[in-house]
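Participant: The sequence and its predicted three-dimensional model are supplied below.
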Amino acid sequence: MLSLAAASCGAEESTFTTDTLPPSSVVTGAPTTSAPPAGPDPGAAWSRISGDEATFAGADLRSVAAAGPGVVAVGYDDAGGDRDAAVWLSADGLTWQRVPHDEAVFGGPGDQEPTAVASAGPGVVAVGYDDAGGDRDAAVWVSTDGLTWQRVPHDDAVLGGPGAQGMLAVASGGPGVVAVGYDDAGGDRDAAVWVSTDGLAWQRIPNDAAVFGAGGVQEASGVAAGAGRLVAVGYDDAGGDRDAAVWVSTDGVAWERVPHDEAVFGGPGFQMAAAVAAGTSGFAAGGTDDPDGDLDAAMWASADGLTWQRVPHDEAVFGGPDFQVASGVAAAGPGFVTVGIDYSGGDRDGAVWVSADGLTWARVPHDEAVFGGPDAQRILGVAATAVRLVAVGSDWSGRPAGAVWVSPPGP
């Protein structure tokens, strides 16, 4: 029995029906199932959802959350020649609808792209960027139900400024909602934090160079709430090469940097934490480690968000020929599930790792019918609902299209 952490849901089951949106936007599951490993149960068996190509055509799904009618995924659609924000909905992770495009909300000149979504604020909050103003600025979209969306009006003093600003992750916590990302306004890239009580009115946390900067490039790409604090993860290259980095806060407003430990966050080459999740055993973060010019997936674990250890590298689990990358983490049952990309088969394929405690991990065996195919597949985000895990990404077999995977497999 797969038990998923209720804390990851943030939304109750609803009576969502496919009558809300056009019939042409419905996708139903037609899965092929991968064999489970002899390891932790959550996320061990997966299936790929397939169906109406029109729903996901030309799209890239970046993030997913248990929210709205059940599950909400966000990403972009570049069918119009530039990237526009896009939202997909599902009651169960198996049957999907595309929210109709509204140019005033999701589009505009240049690119608009949500990079993360969470159950927060008025119901659902998506964050990302918009470069319509000539440079990249942070952007926020909100919805009460996942069906009807509005764009938070741009405030250049909060979401913009000189250089580029972007939000990469969002979570419910602190004063209400916390988003993390980057800000180039100071001449180089620094990690950045924004907070909101309701998802509608935002403020940027003032940049403290000793916490978010210190020369070079710093970026926060994941955030999670648990153990009485917020934890943000990312990277810092101020030391001459890229190292993983962690920031913590008890209220979302006052932050401190977890002191750098080269044995945990650094090493030869570059290391980067891309995502973090909070579970019953603490925090787990996933990313990449490049000690010898060959990217491998990497995991870090912490009981409290303050003291961290790097999971020892196991080439059979985290490595292989060419590159492996961990891009998304979710808490499931007593442990965690991480999703990402594996380049070892000659092209990109989706990849999944599972753990009961964040310390000992197993790789879900590759099934070409589920995780692979012609050209490139990648899994970027994963979320736990009350009944299953849902992972999202893209499939470039033929024409580019968004893609969804579920565990346990659908019928």
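Facilitator: Great, that's in hand. Just so you know, these numbers come straight off a predicted model, no measurement behind them.

Participant: Let's see the host helix or strand of residue 167 as CSV, backbone CA atoms only.
Facilitator: In this structure, residue 167 sits in strand 165-173 according to DSSP states H and E. Written as CSV, here are the backbone C-alpha positions of strand 165-173 (Å, rounded to 0.1, in the frame of the first residue of the first chain):
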residue,chain,number,x,y,z
GLN,A,165,14.9,38.6,-11.8
GLY,A,166,13.1,35.3,-11.7
MET,A,167,11.2,33.1,-9.2
LEU,A,168,12.2,29.4,-9.4
ALA,A,169,10.3,27.8,-6.5
VAL,A,170,7.3,28.6,-4.2
ALA,A,171,5.9,27.1,-1.0
SER,A,172,3.3,27.8,1.6
GLY,A,173,5.1,29.1,4.7
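
Participant: Tell me the pLDDT of residue 30.
Facilitator: At residue 30, the model reports a pLDDT of 35.

Participant: How many residues are close by residue 240?
Facilitator: Residues near residue 240, counting by other Cβ atoms under 10 Å, number 7. The C-beta positions use only the backbone N, C-alpha and C, and glycine is treated the same way.

Participant: I should have written residue 218 there, sorry.
Facilitator: Neighbour tally, residue 218, other Cβ under 10 Å: 26.

Participant: ok so, going back, so which elements touch the strand holding residue 167?
Facilitator: Where contact means 3 or more Cβ pairs under 8 Å, 6 or more residues apart in numbering; DSSP states H and E, strand 165-173 is packed against strand 112-120, strand 123-130, strand 137-143, strand 176-183, strand 218-226, strand 229-236.

Participant: Need those in a markdown table (columns: distance to residue 371).
Facilitator: As requested, those are arranged in a markdown table below (distance: least, Cβ to Cβ, whole Å):
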| stretch | distance to residue 371 |
| --- | --- |
| strand 112-120 | 23 |
| strand 123-130 | 26 |
| strand 137-143 | 30 |
| strand 176-183 | 29 |
| strand 218-226 | 22 |
| strand 229-236 | 25 |
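
Participant: JSON lines please, covering those and showing mean pLDDT.
Facilitator: Below are the helices and strands packed on strand 165-173 laid out as JSON lines (pLDDT from 0 to 100):
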{"stretch": "strand 112-120", "mean pLDDT": "98"}
{"stretch": "strand 123-130", "mean pLDDT": "98"}
{"stretch": "strand 137-143", "mean pLDDT": "98"}
{"stretch": "strand 176-183", "mean pLDDT": "98"}
{"stretch": "strand 218-226", "mean pLDDT": "98"}
{"stretch": "strand 229-236", "mean pLDDT": "98"}
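
Participant: List just the one of the ones you listed that sits closest to residue 303.
Facilitator: Closest approach to residue 303 among the helices and strands packed on strand 165-173 (Cβ to Cβ): strand 218-226, 10.3 Å.

Participant: Tell me how far that closest one lies from the chain's centre.
Facilitator: 10 Å (Cα atoms, centre = their mean, to the nearest Å).

Participant: cool, and stretch 247-255?
Facilitator: Relative to its parent chain, stretch 247-255 has a centroid offset of 20 Å by Cα atoms, centre = their mean.

Participant: Next, the distance between the ends of it.
Facilitator: Distance across stretch 247-255, first residue to last, is 7 Å (Cα to Cα, to the nearest Å).

Participant: for that stretch, which positions count as buried?
Facilitator: The neighbour-count check on stretch 247-255 (16 or more other Cβ atoms under 10 Å) flags 247, 248, 249, 252, 255 as buried.

Participant: May I have the beta-bridge partners of the last one?
Facilitator: So that's residue 255. residue 249 (DSSP bridges).

Participant: The chain: helices as residue ranges?
Facilitator: 53-56, 103-106, 156-159, 209-212, 262-265, 315-318, 368-371 (DSSP state H).
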